[in-house]
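Asker: make a model of this:
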Amino acid sequence: MLVVDDSALMRQLLSDLIESGPGFVVAGTARDGRDGVEKVKALRPDVVTLDIEMPVMDGLAALEEIMDKHPTPVVMLSSRTQHGAAETVRTLELGAVDFVCKPSGAISTDIGKVKDMLLMKLRMAAAAKLLPAARETGDVRGTAPRKAARSHEQAPRVVAIGSSTGGPRALEEIIPNLPGDLPAAVLVAQHMPSGFTAAMAQRLNTLSQVEVREAGDGDRITRGTVLIGPGGRHLTVSKKHRVRITDDLPVWGVRPAADLLLRSAAEAFGADSVGVVLTGMGRDGADGVRAIREAGGQTMAQDEATSVVYGMPKVALEEGGAQMSVPLPSIANTVVQLLARQGPTDGRNPTRRPASALPAREHRVP
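Answerer: Numbering: from 1, shown residues only. Okay, here's the model as predicted:
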């Protein structure tokens, strides 16, 4: 384990906390990003904890160099400020496995408050699959996609997505590849604490033809719109084709919970729903995609090869809720094809082409 932080106090506190966990050994510490890159090369740690705000070389630059030259699982230490949230979302796109919020800013002497979460994410990172960094698109190149004219028309169909660890990078592969005239709304439950989903939505909006924003209680579900549930709160669909944001108890220990979103989509849209379970630890989403499948909708799960953590998709497939195992680069196109097969709808059951017409590269589950 390598700890990278510009504060000597934080390096000591983090080292002590990490080594209190069974099986963890801190092989070294680094005082800034440049020192961190050099220590990664020299020590070859299994996992790195990396602060974002540091002198000489900040965490974003260090992460890019680590992932490019010495690919290693990284867990970021983040602040909850607006600027810190945007930077944290960017680190997930650049290849960080996950992040943990410092409880009280850059110097968090109360870091012990997040001990259990940090140790759990370090264990998960050590077993996670490293994938190539997300491509540079949209506003990053100065060529933001042209938005379709905003539609206020109620969406006749819905695509409900549940994701966890690795989800932000997966969503950046999916949502910017959806057409602006998508004949459905997309609703996303991404496991994330409060304060970060707005930054994620803003970034995705700059990269996408569809409109992307953080969901608010009572928002209408309209065509060509992506609503991302606010971190730390549940997102569900009401029968009036609006979303509800609630503070109900966590499900499977998480909030927002994909199962609540997916089940509510099945109840509100029935056969006009598509359920997607992306990378993540645990089993959240498995019951929800089964509800969509039983309602006549279509379901899929991200495949193992492209999942950072193959937990949620695996359970969704094994328990029969997900009908297809789809590689990440094909998910957006598969969603569009499934919506096209549903055909025009005026609220009645649509006519579908046979499920056997699925593209050959997708693996269909009985």
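
Asker: restrict stretch 185-198 to CA atoms and write it as CSV.
Answerer: The C-alpha trace of stretch 185-198 is given here as CSV (Å, rounded to 0.1, in the frame of the first residue of the first chain):
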residue,chain,number,x,y,z
ALA,A,185,-36.1,9.0,-20.8
VAL,A,186,-33.1,7.6,-19.0
LEU,A,187,-33.0,7.4,-15.2
VAL,A,188,-29.8,6.5,-13.3
ALA,A,189,-29.2,5.3,-9.7
GLN,A,190,-25.5,5.6,-9.2
HIS,A,191,-24.1,4.6,-5.8
MET,A,192,-22.5,7.8,-4.6
PRO,A,193,-22.6,10.1,-1.6
SER,A,194,-24.3,13.5,-1.6
GLY,A,195,-22.5,16.4,-3.3
PHE,A,196,-21.0,14.5,-6.3
THR,A,197,-23.8,13.5,-8.6
ALA,A,198,-24.5,17.1,-9.7
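
Asker: in it, what's buried?
Answerer: By 16 or more other Cβ atoms under 10 Å, the buried positions in stretch 185-198 come out as 185-193, 195-198. Backbone N, C-alpha and C define where each C-beta goes, glycine included.

Asker: out of these, name the ones that lie in helices.
Answerer: Mapping those onto helices (DSSP state H) picks out 197-198.

Asker: state the pLDDT value of K102.
Answerer: Confidence at K102, expressed as pLDDT, is 89.

Asker: dump the residue contacts of it.
Answerer: 77-79, 108, 111, 114 (Cβ atoms under 8 Å, 6 or more residues apart in numbering).

Asker: mind putting these in CSV, secondary structure and neighbour count included?
Answerer: As requested, these are exported to CSV (DSSP: H, G, I helix; E, B strand; the rest coil; neighbours: other Cβ atoms under 10 Å):
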residue, secondary structure, neighbour count
L77, strand, 25
S78, strand, 26
S79, coil, 20
S108, coil, 20
I111, helix, 20
V114, helix, 17
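
Asker: can I get those residues in a markdown table including distance to E214 and pLDDT?
Answerer: Conversion of those to a markdown table gives the following (distance: Cβ to Cβ, whole Å; pLDDT from 0 to 100):
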| residue | distance to E214 | pLDDT |
| --- | --- | --- |
| L77 | 24 | 92 |
| S78 | 18 | 85 |
| S79 | 19 | 78 |
| S108 | 26 | 85 |
| I111 | 28 | 91 |
| V114 | 24 | 92 |
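
Asker: looking at those, spot the one nearest E53.
Answerer: Lowest distance from E53 to the contacts of K102 (Cβ to Cβ) belongs to S79, with 7.3 Å.

Asker: so what's that closest one up against?
Answerer: The contact partners of S79, taken as Cβ under 8 Å, 6+ apart, are 52-53, 101-102, 105-106.

Asker: list buried residues within those.
Answerer: 52-53, 101-102, 106.

Asker: now do the domain split for this protein, please.
Answerer: Per automatic domain parsing, the structural domains of the chain span 2-127, 148-364.

Asker: where is the longest helix in this structure?
Answerer: In the chain, taking DSSP H as the definition, the longest helix is helix 328-342.

Asker: which strands or helices does that helix pack on?
Answerer: With contacts taken as 3 or more Cβ pairs under 8 Å, 6 or more residues apart in numbering; DSSP states H and E, helix 328-342 sits against helix 167-174, strand 273-277, strand 298-302.

Asker: let me see the contact set for the nearest residue to I331 once chain neighbours are set aside.
Answerer: Spatially, and ignoring its direct neighbours in sequence, I331 is nearest to I174 (5.2 Å; Cβ to Cβ, 6 or more residues apart in numbering). By Cβ under 8 Å, 6+ apart, I174 lies in contact with 161, 328, 331-332, 335.

Asker: what of S104?
Answerer: D110.

Asker: quick check: phi and psi at it.
Answerer: The phi/psi pair for S104 (degrees, to the nearest 10) reads phi -140, psi 50.

Asker: same check, this time on the one 4 residues further on
Answerer: The main-chain torsion angles of S108 are listed as degrees, to the nearest 10 and equal phi -110, psi 90.

Asker: wait, it sits on M10?
Answerer: Yes: with contacts defined as Cβ atoms under 8 Å, S108 counts as touching M10 at a distance of 7.1 Å.

Asker: and the nearest residue to L278 once chain neighbours are set aside, what are its phi and psi?
Answerer: Counting by Cβ to Cβ, 6+ apart, L278 lies nearest to S163, which is 3.7 Å off, once chain neighbours are set aside. As for S163, its main-chain torsions (degrees, to the nearest 10) stand at phi -150, psi 160.

Asker: what is the burial count for S163?
Answerer: Per other Cβ atoms under 10 Å, the neighbour tally for S163 reads 27.

Asker: dig out what it forms beta bridges with.
Answerer: Beta-bridge partners for S163, by DSSP bridges, are Q190.

Asker: ok, now V276?
Answerer: Applying DSSP bridges, one finds that V276 bridges with I161, M300.

Asker: wait, it touches A170, no?
Answerer: No: V276 is not in contact with A170 according to Cβ under 8 Å; the separation is 9.6 Å.
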